[in-house]
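Q: Could you work out the structure for the sequence below:
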Amino acid sequence: MINELSLVNKISLLGLLALLAGTGNGVLYALIFALTISFTAAVIKIIYLKFEHFFQQKTGEIIL
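A: Okay, the predicted model is just below:
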């Protein structure tokens with residue numbers, strides 16, 4: 001569980017860089033960007049945890 005949460009935290013840190021780089025009106029847009037990345041990472045992680053058995057069952061190779 002710690003590794004799963006750390007993935008979300010690492011993705012959220014990408015948004016923090018944009019927040020730190022913003023100045024003036026850019027801070028608002030950077031904050032929205034940071035929150036969007038955090039929310040997206042959390043949703044992806046929830047979907048992965050809910051359907052973890054589905055992802056583990058897939059084995060084999062990709063045929064193009």
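
Q: shaky segments in this protein?
A: In the predicted model, the chain carries pLDDT under 70 at residues 1-5, 7-8, 12, 14-25, 55, 57-64.

Q: Sort out which residues of stretch 39-52 are buried, please.
A: Neighbour-count burial for stretch 39-52, counted by 16 or more other Cβ atoms under 10 Å, picks out residue 41. Glycine gets a C-beta too; all of them are placed from N, C-alpha and C.

Q: Just the CA coordinates for it, please, in CSV.
A: Only the C-alpha atoms of stretch 39-52 are listed here, as CSV (Å, rounded to 0.1, in the frame of the first residue of the first chain):
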residue,chain,number,x,y,z
PHE,A,39,-6.9,14.2,-9.0
THR,A,40,-6.1,12.4,-12.2
ALA,A,41,-3.4,10.3,-10.4
ALA,A,42,-5.8,9.4,-7.6
VAL,A,43,-8.5,8.3,-10.0
ILE,A,44,-6.1,6.2,-12.0
LYS,A,45,-4.9,4.6,-8.8
ILE,A,46,-8.4,3.9,-7.6
ILE,A,47,-9.3,2.3,-10.9
TYR,A,48,-6.1,0.2,-10.8
LEU,A,49,-6.8,-1.0,-7.2
LYS,A,50,-10.4,-1.8,-8.1
PHE,A,51,-9.6,-3.9,-11.1
GLU,A,52,-6.2,-5.2,-10.0
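
Q: top helix in this structure by residue count?
A: In terms of residue count, the longest helix belonging to the chain (DSSP state H) is helix 26-50.

Q: Which elements pack onto that helix?
A: helix 2-21 (3 or more Cβ pairs under 8 Å, 6 or more residues apart in numbering; DSSP states H and E).

Q: at 10 Å what do you get?
A: Using 3 or more Cβ pairs under 10 Å, 6 or more residues apart in numbering; DSSP states H and E, the elements in contact with helix 26-50 are helix 2-21, helix 52-57.

Q: what about residue 30, how many residues close to it?
A: Counted with other Cβ atoms under 10 Å, residues neighbouring residue 30 total 19.

Q: With the one 4 residues further on instead?
A: Around residue 34 sit 20 other residues, with neighbours defined as other Cβ under 10 Å.

Q: same check, this time on residue 9
A: Residues lying near residue 9 (other Cβ under 10 Å) number 10.
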